[in-house]
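Colleague: Give me the fold of what follows.
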Amino acid sequence: MSRDTFYKFVDTDSDAVVARLVSAYENMTGRTLRPADPDRLFISWVASVIVQERVDQNYVGNQNLPSRAEGENLDALGEWIYDIKRLAAQPSKCTVRFNISAAQSTSIAIPQGTRVTDASGDLIWYTTEDAVIPIGSLYADVMVQCETAGDIGNGYVAGQINTLVDVDNILYFSSCANIDTASGGANEATDEQYYELMREGLDSYSTAGPVGAYIYWAKTVSANIADVKPIQPRLTDVQTVPLYTDSDGYKHAFIAGEHLLPDSLEVRENSTSEPAIHGIDYSYIYDDQLLNIEIKSDGALAALNTVHITIECIKAGYVYLYALMNDGTLADATVKAAIRDACNQDTVRPLTDFVAVEDAETVSYNINLTYWIDRNSTKSLADIQADVTAAVNEFVAWQSGKIGRDINPSYLEWLLKDTGVKRVAIVSPAFTELRNGDDHTVPQVAQIGTISVVNGGFEDE
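Modeller: Residues are numbered from 1 along each chain as shown. Down below sits the predicted model:
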């Protein structure tokens, strides 16, 4: 349901209200009202008051619906109906290395709250815990957090946060600098993000491991998380197993497991040899969680005492989470650690689940296109060029906005058609189907490479 939809509970057509009042007046008085009649003007004023009251009624009615409420009204509904609060702004974090001029015979304290900044001094970070530089050491690495919450503190690359504010806090201090990029900062959730979190929160009441619950709890970490994909992973089991000879002289290998995928089975003499041929060198039966591999007496494996088995299986009890940020990038180490902590709570995950946060596979694509403009277009060249740039940027954001979204040039062409161009020739990207993890494999995410957009000039219609 779109949050842009405004539901009309009562009619606000001013002409209809005026007509109704005039009709009632004329029926009661038996007098016809002319357009300039003072009573007609008075009725018009009354009608405007009634219409404004109806507008207020519609607004109040919409503010009682989570799908249409705004701001504090939406906060109140979210806490009352769903027991879910709007995600607050989160500060960025990174690790700063504090160096001293020479190793000391006693540890050097770095008090909690010690502040550092960048060369411009625009933002301040502070240490989140007490730390020490050990005896004989020249430095200590300490987590720092930005005093200003929001994504404003993200993106400070290694070495940029290099100025100690509290110069008296660290004895023998010589220098400091962040050793990783500041990340994890997020602005307060928008109304749209908060409403989506409410809807996803309906799955959070179960600890039986539903997909929706893992998505909800992962997204509670940051409003900057655009998409989360939980999967039960598909893993490859490799082992060398002995062969047993039955009473009829046939050799068998056995593998137990309730989530084996027999179609992926490969049987070899050893890890480096070519796979044997199913139906000629061996056959198998998978029944009651037991894979029975029978070796053909006249096949290539007949003389062996062991065989090398490779088979894929669905890993029971394991949950892998893949997260994508609003800017289309994969979640970094800081965000992944926060997601893992949120989804590993005893009240969130089933006791038997092992939860890990992994990186989706990125698939790079390039944009290479040429567009032509109708010579008789009413839009200016500058406006069309600006709209084409905006359309390309919208496509890039859309393409990287969801895990497993196919690379789809048709959507790019559709966006470009709305800019007023006459014709467009898209060389790349080509349509590419991406994995979304539903087959238990690592999902994929499209990532933009190079962009080449060429104006081919004017053409006659």
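
Colleague: Going by C-alpha atoms from here, please, whenever you check contacts or count neighbours.
Modeller: Will do.

Colleague: Please state the backbone phi and psi of Trp217?
Modeller: The phi and psi values for Trp217, taken as degrees, to the nearest 10, are phi -70, psi -30.

Colleague: What pLDDT does the model give it?
Modeller: Predicted confidence (pLDDT) for Trp217: 88.

Colleague: With Asp203 instead?
Modeller: On the pLDDT scale, Asp203 is placed at 60.

Colleague: Repeat that for the one 4 residues further on.
Modeller: At Thr207, the predicted lDDT confidence score is 55.

Colleague: ok, Asn154 - contacts?
Modeller: With contact set as Cα atoms under 8 Å, 6 or more residues apart in numbering, Asn154 has these partners: 92, 181-185.

Colleague: Please apply the same query to Gly71.
Modeller: By Cα under 8 Å, 6+ apart, the contact list for Gly71 reads Asp191.

Colleague: Adjust the sequence numbering to begin at 827 for everything that follows.
Modeller: Yes, from this point I'll number from 827; that puts the last item at Gly897.

Colleague: Please report the distance of it from Glu905.
Modeller: Distance from Gly897 to Glu905, counting by Cα to Cα, to the nearest Å: 13 Å.

Colleague: element containing the closest residue to Asp839 other than its chain neighbours?
Modeller: In this structure, Asp839 finds its nearest non-sequential neighbour in Val877, 7.4 Å apart by Cα to Cα, 6 or more residues apart in numbering. Applying DSSP states H and E as the criterion places Val877 in helix 864-888.

Colleague: got the buried residues for that helix?
Modeller: Across helix 864-888, burial judged by 16 or more other Cα atoms under 10 Å covers 866, 869-870, 873-874, 876-877, 880-881, 884-885, 887-888.

Colleague: Show the average pLDDT along that helix.
Modeller: 92.

Colleague: thinking again about what came up before, between all of the contacts of Asn980, which two are separated the most?
Modeller: Greatest spacing in the contacts of Asn980, by Cα to Cα: Thr1007 and Gly1011 (11.5 Å).

Colleague: the more surrounded of the two?
Modeller: A direct count of neighbours by other Cα atoms under 10 Å for Thr1007 and Gly1011 places Gly1011 higher, at 26 against 22.

Colleague: Quick one: residues contacting the more buried one.
Modeller: Applying Cα under 8 Å, 6+ apart to Gly1011 gives the contacts 915-919, 975-980.

Colleague: Buried among those residues? Make that a ChimeraX selection.
Modeller: Applying 16+ other Cα under 10 Å to the contacts of Gly1011, the buried members can be selected in ChimeraX as follows:
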select :915,916,917,918,919,975,976,977,978,979,980
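
Colleague: among the contacts of Gly1011, which are in strands?
Modeller: Lys919 (DSSP state E).

Colleague: Which of the contacts of Gly1011 sits closest to Lys1243?
Modeller: Nearest to Lys1243 among these, with distances taken as Cα to Cα, is Asp977, at 33.9 Å.

Colleague: Leu949 is in contact with that closest one, correct?
Modeller: No - judged on Cα atoms under 8 Å, Asp977 makes no contact with Leu949 at a distance of 11.8 Å.

Colleague: Could you pull up the contacting residues of Ile869?
Modeller: Going by Cα under 8 Å, 6+ apart, Ile869 touches 844, 847-848.

Colleague: Tell me where the model's unsure across the stretch 827-976 of the chain.
Modeller: Within the stretch 827-976 of the chain, the segments meeting pLDDT under 70 span 827-830.

Colleague: give me that answer again for 50
Modeller: Where the stretch 827-976 of the chain drops to pLDDT under 50, the residues are 827.

Colleague: wouldn't Ile1005 be in contact with Tyr982 here?
Modeller: No - applying Cα under 8 Å, one finds Ile1005 not in contact with Tyr982, separated by 10.2 Å.

Colleague: longest strand anywhere in the chain?
Modeller: Max-length strand for the chain by DSSP E is strand 1270-1285.

Colleague: Show me what that one is packed against.
Modeller: Secondary-structure packing of strand 1270-1285 (3 or more Cα pairs under 8 Å, 6 or more residues apart in numbering; DSSP states H and E): strand 1187-1200, helix 1207-1225.

Colleague: what does the first one contact?
Modeller: Which is strand 1187-1200. For strand 1187-1200, the external contacting residues (Cα under 8 Å, 6+ apart) are 1246-1255, 1268-1287.

Colleague: For the buried ones among those, write the corresponding PyMOL selection.
Modeller: Selection of buried members from the contacts of strand 1187-1200 for PyMOL, criterion 16+ other Cα under 10 Å:
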select buried, resi 1246+1247+1248+1249+1250+1252+1255+1268+1269+1270+1271+1272+1273+1274+1284
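
Colleague: can you give me the helices in the chain?
Modeller: Under the criterion DSSP state H, helices of the chain are mapped to 840-855, 864-888, 897-903, 1017-1027, 1037-1045, 1159-1169, 1207-1225, 1235-1243.

Colleague: which one of the contacts of Gly1011 sits closest to Tyr998?
Modeller: Ranked by distance to Tyr998 (Cα to Cα), those are led by Lys919 at 25.3 Å.

Colleague: quick revisit: distance from the longest strand of the chain to the middle of the chain?
Modeller: Averaged C-alpha coordinates place strand 1270-1285 at 24 Å from its chain's average position (Cα atoms, centre = their mean, to the nearest Å).

Colleague: Could you do stretch 996-1009 as well?
Modeller: Distance, centroid of stretch 996-1009 to centroid of chain: 31 Å (Cα atoms, centre = their mean).

Colleague: do stretch 1107-1114 as well
Modeller: 42 Å.

Colleague: can you list the domain ranges for the chain.
Modeller: As given by automatic domain parsing, the domain ranges for the chain are 840-888, 919-1004, 1060-1140, 1187-1285.

Colleague: what's the span of the second one, first residue to last?
Modeller: It refers to domain 919-1004. End to end - Cα to Cα - domain 919-1004 spans 10 Å.

Colleague: now the strands: where do they sit in the stretch 977-1126 of the chain?
Modeller: For the stretch 977-1126 of the chain, strands defined by DSSP state E, counting those that start in this stretch occupy the ranges 987-990, 999-1004, 1051-1057, 1060-1068, 1070-1071, 1077-1082, 1086-1094, 1108-1113, 1116-1121.

Colleague: of those strands, which approaches Val1222 most closely?
Modeller: Checking the strands of the stretch 977-1126 of the chain against Val1222 by Cα to Cα gives strand 1051-1057 as the closest, at 14.5 Å.

Colleague: elements contacting that closest one?
Modeller: By 3+ Cα pairs under 8 Å, 6+ apart, strand 1051-1057 packs against helix 1037-1045, strand 1144-1151.
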